[in-house]
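Asks: show me the folded form of this:
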Amino acid sequence: MQRYMTGKYSSQYRATVGADFLSTNISHHGKSYSLQIWDTAGQERFQSIGSAFYKGSDCCVIVYDITSQKSFDNIETWKSEFIDQGGVKDPSKFPFVILGNKSDKEEEREVSKSKAELWA
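Replies: Numbering: from 1, shown residues only. Coordinates of the predicted model:
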């Protein structure tokens, strides 16, 4: 999130507690949009607060760790929780995106590109 929104990268890991967000204005095909990216904590103890952040979303990006099969296996759970807590009326038409992070650790990859593409 920091890298995309600010162009800066920090190798120091800082776990999200609750939620974090950044906002910016973007332009696409001549139109201006306000983009907010919310990072909700992945720890189970914070999952109940998701509904406060999910409602009104226009898209959901689920990030998994390419070096962790367990992380990838949780995508469906995160999607289901987003649908339930976000009040998504038609899940078949709601835009979900999966994003594999830690691409700099290709030698530690546990989730193949083809497996991720198949899920998508």
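Asks: low-confidence ranges in this structure?
Replies: Along the chain, segments meeting pLDDT under 70 span 1-5, 9-20, 40-53.
Asks: and the strands in it?
Replies: Applying DSSP state E to the chain gives strands spanning 19-28, 31-40, 60-65, 96-101.
Asks: check contacts around Ser27.
Replies: The contact partners of Ser27, by CB atoms under 8 Å, 6 or more residues apart in numbering, come to Tyr33. In short, each C-beta sits where N, CA and C put it, glycine included.
Asks: distance of it from Tyr33?
Replies: From Ser27 across to Tyr33, the span is 7 Å (CB to CB, to the nearest Å).
Asks: quick one on the thing from earlier: any chance of the strands of the chain in TSV, with distance to Ile83 too?
Replies: As requested, the strands of the chain are exported to TSV (distance: least, CB to CB, whole Å):
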stretch	distance to Ile83
strand 19-28	18
strand 31-40	14
strand 60-65	9
strand 96-101	9
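Asks: can you tell me which of the ones you listed is most buried?
Replies: For the strands of the chain, the largest average neighbour count (mean count of other CB atoms under 10 Å) is found in strand 60-65, namely a mean of 18.
Asks: partner strands of it, with direction?
Replies: When pairing is defined by DSSP bridges, strand 60-65 lines up against strand 96-101 (parallel).
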